[in-house]
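[1] sharing a sequence plus its predicted fold:
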Amino acid sequence: MLFSVIIPTHNGSRFLERAVRSVLSQTFADFEVIIVDDGSTDATSQIIERLVGQAAGKVHSLHQENRGPGAARNRGVQVCSGRYLLFLDDDDELLPDALALFARAIEKDSQAYFLWAGHYSQDEAGRLKKHDRPPFSAENLANFLGYIRGGFSLSQGEGVMRREIFGRLHYPETIRNNEDVVFFAQILALYPCRAVDAHVVTIHKRKASCRHNIASIEASCDPIVDLLFDPRILPAPMLPYRAEFQASRYLGLFRAFYYAGRFREARQVYAQAIATHPRYLGRWSYLRKYLRAWLDF
């Protein structure tokens, strides 16, 4: 089998069927769907049961106690059959030709471990935005730095990866926010990547998502640095960029505090960022917010 599409879900009853049907509607047929129910307490299990029954062997499912999206994705990998994996969030939609586009890209370059395309994002008001493919380089270090410095972003659902990657890496299970940042950055550091000039998924932006949860962002702020810059995994040329990355995480937390009106905490985190990587003092957009945070205390 060429593709396994793994969909982790937790209380995803409002959107899960839409995500699964977007996979079942693909123009390319050599795939399976693995739904991992991460301890849902709503009607998700009933929806999964119905989808599995209707899909004539294309959809499989398993249940685990709530352990977070990283653990759910890793669990899906343990039972899947595909040579290439695509991880789709339960509230997003694959475009009909997504797997066919990836199949053609694999045929052209079977050496790439990580093939990534572009996506559309849609907010809760229905506004649609186009995001082009990442500007991958032939050099791993350039891809790694481009990603951790925010030169480009990567989202679940817009790429496929070879299953062999999981012989060496996995999604972190000890954090529940930005676990994919660790995983993607380590892939970029270790494996050949290819950009696919297409748009393959619609990602639905919801304010209630974990990425907008300040407590979750704060809890992962320091652990994410230790997880990513593990010297047992990351090649030596990437290790000197630890302080820069750590400071960027502090700036992200600073911004979250600032927009939440928690100005004292915002100022404290901004000071941590500058102490960790003084060059960030030159980022005027953050400095301006920091100065305003003193006026709005």
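    Cool, the structure landed. Residues are numbered from 1 along each chain as shown.
[2] quick one: low-confidence parts of the stretch 1-150 of the chain?
    By pLDDT under 70, the stretch 1-150 of the chain has no low-scoring segment.
[3] correct me if wrong: Ala112 contacts Ala195.
    No - taking contacts as CB atoms under 8 Å, Ala112 lies outside contact range of Ala195: 9.5 Å. Glycine gets a C-beta too; all of them are placed from N, C-alpha and C.
[4] buried residues, stretch 85-102. List them.
    Of the residues in stretch 85-102, 85-95, 97-102 count as buried by neighbour count, 16 or more other CB atoms under 10 Å.
[5] could you work out the end-to-end span of that stretch for me?
    Counting by CA to CA, to the nearest Å, you get 11 Å between the two ends of stretch 85-102.
[6] what segments of the stretch 101-250 of the chain are strands?
    Shown for the stretch 101-250 of the chain, the strands assigned by DSSP state E, counting those that start in this stretch span residues 114-122, 128-131, 159-162, 193-204.
[7] what angle separates the first one from strand 193-204?
    It stands for strand 114-122. 20 degrees (axes from the mean of the first three to the mean of the last three CA atoms, to 10 degrees).
[8] please name every helix or strand in contact with strand 114-122.
    When contacts are defined as 3 or more CB pairs under 8 Å, 6 or more residues apart in numbering; DSSP states H and E, strand 114-122 packs onto helix 98-108, strand 128-131, strand 159-162, strand 193-204.
[9] tell me what the first one is packed against?
    Translated: helix 98-108. Helix 98-108 packs on strand 3-9, strand 84-87, strand 114-122, strand 193-204, going by 3+ CB pairs under 8 Å, 6+ apart.
[10] check the last one too.
    With contacts defined as 3+ CB pairs under 8 Å, 6+ apart, strand 193-204 has these neighbours: strand 93-94, helix 98-108, strand 114-122, strand 128-131.
[11] kindly reformat these as TSV containing distance to Arg255.
    TSV is the format used below for these (distance: least, CB to CB, whole Å):
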stretch	distance to Arg255
strand 93-94	29
helix 98-108	32
strand 114-122	19
strand 128-131	20
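[12] so for Cys221, which of the ones you listed sits nearest?
    The closest of these to Cys221 is strand 114-122. By CB to CB, the value is 24.3 Å.
[13] alpha carbons of the closest one, in CSV - could you do that?
    The C-alpha trace of strand 114-122 is given here as CSV (Å, rounded to 0.1, in the frame of the first residue of the first chain):
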residue,chain,number,x,y,z
PHE,A,114,9.6,14.2,3.1
LEU,A,115,7.4,15.7,0.4
TRP,A,116,5.5,18.9,1.2
ALA,A,117,3.1,21.0,-0.7
GLY,A,118,1.0,24.1,0.0
HIS,A,119,-2.4,24.5,1.6
TYR,A,120,-5.4,26.8,1.9
SER,A,121,-6.5,28.1,5.3
GLN,A,122,-10.0,29.1,6.1
